[in-house]
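Enquirer: Quick check, what structure comes out for this input:
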Amino acid sequence: MIQINRKTITLGVLAFILSFTSCQEYLDVEPQDKLNSDQVYRDVFDADAAIVGTYGKFMQLAEKYVLLNELRADLMTTTRNSDPELIELSQHAVTSDNRFANPKDFYEVIQNCNDNLKNFDKMLADKKFTQTEYNQRYSDIGALRSWVYLQLGIHYGEVPYITEPLENLNDVLDTSKYPKIPFQELIQNLVEFTEGLNYTSPYSEDSTLVIDVDGYNTAKFFINKECILGDLQLWNNNYTQAAIHYKNVMETGSRSGNDVERYDVYRIKYAEIASNNDLAVGYRRYSEQDARSLINNNTQGWRSIFARERDVLWNTEWIWSLPFDSDFAPKNPFINLFSNRGGDYLVKPSKNAMNLWENQKQQNGFPYDARGKRFSYNIIDGDEVIMKYIYNFLDPIRQMPVDVFQTDGNWFLYRAATLHLRYAEAANRDNQHRIADALLNFGIRNEYTVAGVTDKTDIEQTFQPFPYDFDARNGDFPRFRADWHRSGGLRGRAYIERAPVVGDSLISIENNIIEEAALELAYEGNRWGDLVRVALRRNDPSFLADKVYAKLAADGNSQAASIRTKLMSKENWYLPFVWSTED
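Expert: You can find the predicted model right below:
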């Protein structure tokens, strides 16, 4: 047993642990494109080291992932410090020499994945794996590869789909062997492959990749396969199947006798009014009309989603999050990106995003959404600063770096709010408008209750088959404490008023869901994909073009109208696929 006295564990630490039982060569978090399988695929510990190396390579996509998905959309804009390439990205004028036009770093991760998968097959054939060990690791890396390909499709449209390791990575450019395929065909290939994976649960508790360090479990380093399956089916417009995958994750704790797991894990709870030990927007008890009583610190309330230690409450929200550590590569890119103190301050919230938060109304009557200026961004030295990634870097009182050399942080990839919004999007398109609206607003119990009825036997539940079965009963005569009784909905947890349904339920609720995703998930890397997916589904480029126009117009960009016109053609949504052959 190795005792590590740290409150967090990173891929670097995990690699260090694995080095005691596996080959050292593979533990570099920047593995080469070509790997020597005779040295690194000898047993399950080598396979684990290979997986760690692939995730290390994957982490180098973090900055690009956030910038491509947020700066190209409507919630993030450039600053006085932004270089021309970032400005091009924000204004949809990316040229062939722009570093963001180069998809090579995505294919470097895919190359690692393909190498892993091929050698896992060999290991199984040579009996170096048990079937269970193989199933878990093959499915993990296969799902990760599908995630990377989905991002390629979202940003480049037509791309080569390669599933075998290449002798030379530049062979990606050989169109005779690897022709580009359209985005929709790519989605269908990804659905077929990923649905064929024979292990869709997280790594089992007895896996050598699942390690407890100071009470923190490493299982959430790794992609959630049901979530990526749900996302792929959502992109494929197969809404029932998407909802099934999402519901499987939403029900993670339902079969446990542990109350926290049954009632809290991935449930989106209301505020704990007495203790404020929650992840909700809340105020000190009996002081709800005093704006100064807003719970605003790193260990309580909505802000703590992004700042708290990986404790029990953290685990009720986060599904997939990768940590950066100052002592290990790769370096945390987000401090330089966002912070104006100790960083380069390259991007900031758009005026359009700030207006969206200011146009909400809280349940206590305050005319703004606290998730905006109070939590997602702050004003520091007169600058609007995105805060989600830098709460632990800046002192919470002085707003100065605690230590400029301590650059620990996180890449936020998937959480309960993302899950609920995606599920609601699928359910709404599957004609389950009431369920979608309930999860978006104040939860199932609020939606399905009947005023004045104390016997909850036949209310506060949906009476639908899976994946639309929700039981939120909470009563005492007779006593019910059903699995969903603590769930309060996205806007309930955010303490803001209900989003109204106006006109056609399907379109109105879908609009509300996408707007709520902006309010809740801003700067977490979801926005551009959300806009593209809905615009494609509706065959309505204006859905995307209008939102980008609104950002640019609010920022006073004189090219806003011409950029809108450009984005009315779908082919202009995608980056040029310009490959750099330089090492």
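Enquirer: what's the longest helix in this structure?
Expert: helix 131-156 (DSSP state H).
Enquirer: so how far is that one off the chain centroid?
Expert: For helix 131-156, the separation from the chain centroid amounts to 15 Å (computed by Cα atoms, centre = their mean, to the nearest Å).
Enquirer: Could you pull out the strands in this protein for me?
Expert: Assigned by DSSP state E, the strands in the chain fall at 76-78, 159-160, 180-181, 212-213, 216-217, 318-324, 347-349, 377-380, 383-386, 409-415, 474-476, 479-481.
Enquirer: In terms of secondary structure, what does the third one contact?
Expert: I take that to be strand 180-181. strand 159-160 (3 or more Cβ pairs under 8 Å, 6 or more residues apart in numbering; DSSP states H and E). Glycine gets a C-beta too; all of them are placed from N, C-alpha and C.
Enquirer: So which elements touch the strand it packs on?
Expert: Against strand 159-160 (3+ Cβ pairs under 8 Å, 6+ apart) you get helix 131-156, strand 180-181.
Enquirer: Can you give the contact residues for it?
Expert: Contact partners of strand 159-160, identified using Cβ atoms under 8 Å, 6 or more residues apart in numbering, comprise Pro103, Tyr149, Leu152, Gly153, Val172, Thr175, Tyr178, Pro179, Lys180, Ile181, Leu186, Phe577.
Enquirer: now do 7 Å
Expert: Leu152, Gly153, Val172, Tyr178, Pro179, Lys180, Leu186, Phe577 (Cβ atoms under 7 Å, 6 or more residues apart in numbering).
Enquirer: likewise stretch 434-454?
Expert: Contacts of stretch 434-454 (Cβ under 7 Å, 6+ apart): 420, 423-424, 427-428, 459-462, 468, 470, 472, 474-475, 477, 484-485, 487-492, 498-499, 501, 509, 512-513, 516.
Enquirer: And that stretch, what's buried?
Expert: 434-449 (16 or more other Cβ atoms under 10 Å).
Enquirer: Kindly export it (C-alpha atoms) in PDB.
Expert: C-alpha atoms of stretch 434-454 as PDB (Å, rounded to 0.1, in the frame of the first residue of the first chain):
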ATOM      1  CA  ARG A 434     -43.800  17.800 -19.300                       C
ATOM      2  CA  ILE A 435     -40.900  15.800 -17.900                       C
ATOM      3  CA  ALA A 436     -38.400  18.000 -19.800                       C
ATOM      4  CA  ASP A 437     -40.000  21.200 -18.500                       C
ATOM      5  CA  ALA A 438     -40.000  19.800 -14.900                       C
ATOM      6  CA  LEU A 439     -36.300  18.900 -14.900                       C
ATOM      7  CA  LEU A 440     -35.500  22.300 -16.400                       C
ATOM      8  CA  ASN A 441     -37.500  24.200 -13.800                       C
ATOM      9  CA  PHE A 442     -38.400  23.000 -10.300                       C
ATOM     10  CA  GLY A 443     -38.300  19.200 -10.500                       C
ATOM     11  CA  ILE A 444     -40.600  16.200 -10.800                       C
ATOM     12  CA  ARG A 445     -42.200  16.500  -7.400                       C
ATOM     13  CA  ASN A 446     -43.200  20.200  -7.900                       C
ATOM     14  CA  GLU A 447     -44.600  19.400 -11.400                       C
ATOM     15  CA  TYR A 448     -46.600  16.300 -10.500                       C
ATOM     16  CA  THR A 449     -47.900  17.300  -7.100                       C
ATOM     17  CA  VAL A 450     -51.600  18.100  -6.500                       C
ATOM     18  CA  ALA A 451     -52.400  21.000  -4.200                       C
ATOM     19  CA  GLY A 452     -54.100  20.100  -0.900                       C
ATOM     20  CA  VAL A 453     -53.500  16.300  -1.300                       C
ATOM     21  CA  THR A 454     -51.600  14.800   1.700                       C
END
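Enquirer: so how far is Tyr389 from the closest residue in space to Ser321 that isn't next to it in sequence?
Expert: Using Cβ to Cβ, 6 or more residues apart in numbering and skipping the chain neighbours, the partner closest in space to Ser321 is Asn410 (5.3 Å). Counting by Cβ to Cβ, to the nearest Å, the gap from Asn410 to Tyr389 is 7 Å.
Enquirer: With Phe129 instead?
Expert: Counting by Cβ to Cβ - Phe129 and Tyr389 are separated by 37 Å.
Enquirer: Compare neighbour counts for the two and give me the winner.
Expert: Tyr389 (26 against 22; other Cβ atoms under 10 Å).
Enquirer: Going by residue numbers, what spans are helices in the stretch 151-300 of the chain?
Expert: Secondary structure of the stretch 151-300 of the chain by DSSP state H, counting those that start in this stretch: the helices cover 183-195, 225-235, 239-250, 259-263.
Enquirer: For these, state which one has the densest average packing.
Expert: Mean neighbour counts were compared across these using mean count of other Cβ atoms under 10 Å; the top stretch is helix 225-235, at a mean of 24.
Enquirer: Any regions of the stretch 251-400 of the chain where pLDDT drops low?
Expert: Of all residues in the stretch 251-400 of the chain, none has pLDDT under 70.
Enquirer: Just give me the neighbour total for the closest residue in space to Ile319 that isn't next to it in sequence.
Expert: In this structure, Ile319 finds its nearest non-sequential neighbour in Tyr414, 4.4 Å apart by Cβ to Cβ, 6+ apart. For Tyr414, the count of nearby residues is 23 (other Cβ under 10 Å).
Enquirer: and what of Phe405?
Expert: Neighbour tally, Phe405, other Cβ under 10 Å: 9.
Enquirer: Double-check it against Lys331; I have them as touching.
Expert: No - using Cβ atoms under 7 Å, Phe405 is not in contact with Lys331; the gap is 11.5 Å.
Enquirer: Tell me how far Gly301 lies from Ile509.
Expert: In terms of Cβ to Cβ, Gly301 sits 28 Å off from Ile509.
Enquirer: Next up, the contacts around the nearest residue to Thr95 once chain neighbours are set aside.
Expert: By the measure of Cβ to Cβ, 6+ apart, the closest residue to Thr95 outside its immediate chain neighbours is Glu88, 6.3 Å from it. By Cβ under 7 Å, 6+ apart, the contact list for Glu88 reads Val94, Thr95, Asn98.
Enquirer: rank the helices of the stretch 151-300 of the chain by pLDDT, which is bottom?
Expert: Of all the helices of the stretch 151-300 of the chain, mean pLDDT reaches its minimum on helix 259-263 (a mean of 90).
Enquirer: Which residues does that one contact?
Expert: Under Cβ under 7 Å, 6+ apart, the answer for helix 259-263 is Gly253, Ser254, Ser256, Val312, Asp483, His485, Arg486.
Enquirer: and if you look at stretch 95-110?
Expert: 33, 57-58, 60-61, 64, 68, 85, 88-89, 94, 145, 148, 151-152, 156, 162, 169, 172, 575-580.
Enquirer: swap in stretch 265-272?
Expert: By Cβ under 7 Å, 6+ apart, stretch 265-272 touches 249-250, 252-253, 278, 280, 282, 316, 416-417, 419-420, 484, 486-490, 492-493, 495.
Enquirer: same deal with stretch 568-583?
Expert: 92, 94, 96, 100-104, 155-157, 159, 170, 172-173, 532, 541-542, 544-545, 566-567.
Enquirer: So among those, which ones count as buried?
Expert: 92, 94, 100-103, 155-157, 159, 172, 532, 541, 544-545, 566-567.
Enquirer: Just these: which are in helices?
Expert: Going by DSSP H, the helices hold His155, Tyr156, Val532, Pro541, Leu544, Ala545, Lys566, Leu567 from those.
Enquirer: Mind telling me the two of the residues you listed farthest from one another?
Expert: The largest distance within these, taken as Cβ to Cβ, falls between Tyr156 and Ala545 and amounts to 18.9 Å.
Enquirer: before we move on, back to that, okay, and the common contacts of Phe405 and Lys331?
Expert: By Cβ under 7 Å, 6+ apart, no residue touches both Phe405 and Lys331.
Enquirer: re the thing from before, export the ones in helices among the buried ones among the contacts of stretch 568-583 to a markdown table and tack on distance to Phe366 and pLDDT?
Expert: Below are these laid out as a markdown table (distance: Cβ to Cβ, whole Å; pLDDT from 0 to 100):
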| residue | distance to Phe366 | pLDDT |
| --- | --- | --- |
| His155 | 38 | 98 |
| Tyr156 | 43 | 98 |
| Val532 | 34 | 98 |
| Pro541 | 36 | 98 |
| Leu544 | 31 | 98 |
| Ala545 | 33 | 98 |
| Lys566 | 39 | 98 |
| Leu567 | 35 | 98 |
